[in-house]
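J.: prediction below, plus the sequence it came from.
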Amino acid sequence: MNLENIQEEWGNHYNTSIEGENLVIQLFKESKYKKIDSNVKRMKTQSVLYMIFNLLVITYTWIVLVMNFKNIGISIPAALLILLSKVVFYKNVAQLNSMSKIKYTEPVVKLQKIIEHLKLKRLRHNQFIFILSNIYFWLLMIVFFSMNPLVLIPEIWKKAAIVVIIHVGFSILWFPLSFWILSKYGALAQSSTFWTRLGKNSLLTDESANASLNKISSFLVEIKSFEKQ
């Protein structure tokens, strides 16, 4: 066997090895990207359901607003409910827009940046809803049952003033209380076991609100590490 034959045989063997390694890398990446795609679809479904719910609320509230336009006890809460619902709707649109940028043709580093940005959006979305949940609840009750608080509150005050005092007091205290709770969740590493356990199911911490995105991040880290090997 002369030198040319040896070089040709070695070249064929080397090319076969490279092709085998590329195939392994490709199969590994495909398996991880399938898992990523599954998590992205789950998040998209959640955002779409939020959007549908808010569209239904906005549509119904507009009907109530038109029918009670001159009744400020109902029309003002209805206008506020439409505003809040639109904010939540557009927050979900922004999330869907970020999810659409998760493409497997993009470099892993760029995908990681998109994921981190999306994690922040989802967390702020949940915290926004949490802070305004009390006022949103009462606006929804007023609109859904067409209750006029300007008439209802004086009537309740005559019969049971304590009920009005408790609800108004809680509504006022809720805003500082909600920020205090969020500050506790934001310092879970230094807080008690109680807050740590509560935060895991709160949807107000990165761990609970971004479970799917954290899985995606770990898959991207695995892909990046595998490519370096």
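T.: Looks like it came in fine.
J.: helix or strand right after the helix or strand of the chain with the lowest mean pLDDT?
T.: Confidence across the helices and strands of the chain bottoms out at helix 193-200, with a mean of 71, counting by mean pLDDT, DSSP states H and E. Towards the C-terminus, the helix or strand next in line after helix 193-200, according to DSSP states H and E, is helix 206-209.
J.: pLDDT of that following helix, averaged?
T.: Rounded to a whole number, the mean pLDDT of helix 206-209 is 78.
J.: show me what that helix packs onto, helices and strands only.
T.: Using 3 or more CB pairs under 8 Å, 6 or more residues apart in numbering; DSSP states H and E as the contact criterion, the neighbours of helix 206-209 among helices and strands are helix 108-131, helix 193-200. Where you see a C-beta, it was placed from the backbone N, CA and C, and this is true even at glycine.
J.: who touches the next helix or strand after it?
T.: Using DSSP H and E, the helix or strand that follows helix 206-209 in sequence is helix 211-228. Residues outside helix 211-228 that contact it (CB atoms under 8 Å, 6 or more residues apart in numbering) are 25, 28-29, 32-33, 35-36, 39-40, 42-43, 102, 108-109, 111-112, 115-116, 118-119, 122, 206-207.
J.: now list the buried members of these.
T.: 29, 32-33, 36, 39-40, 43, 102, 108, 111-112, 115, 118-119, 122, 206-207 (16 or more other CB atoms under 10 Å).
J.: ramachandran coordinates for P107?
T.: Main-chain torsions, P107, degrees, to the nearest 10: phi -60, psi 150.
J.: could you do L203 as well?
T.: As for L203, its main-chain torsions (degrees, to the nearest 10) stand at phi 60, psi 20.
J.: now do the same contact list for it.
T.: In this structure, L203 makes contact with 126, 209, judged by CB under 8 Å, 6+ apart.
J.: ok, it to T193 distance?
T.: From L203 across to T193, the span is 19 Å (CB to CB, to the nearest Å).
J.: I'd say K119 and D206 touch.
T.: Yes - using CB atoms under 8 Å as the test, K119 is close enough to D206 to be in contact (6.4 Å).
J.: and the residue nearest the centre of the chain, what does it touch?
T.: The residue lying closest to the centre of the chain (CA atoms, centre = their mean) is R122, at 3.0 Å. By CB under 8 Å, 6+ apart, the residues touching R122 are 43, 95, 209-210, 213.
J.: fine by me, we can end here.
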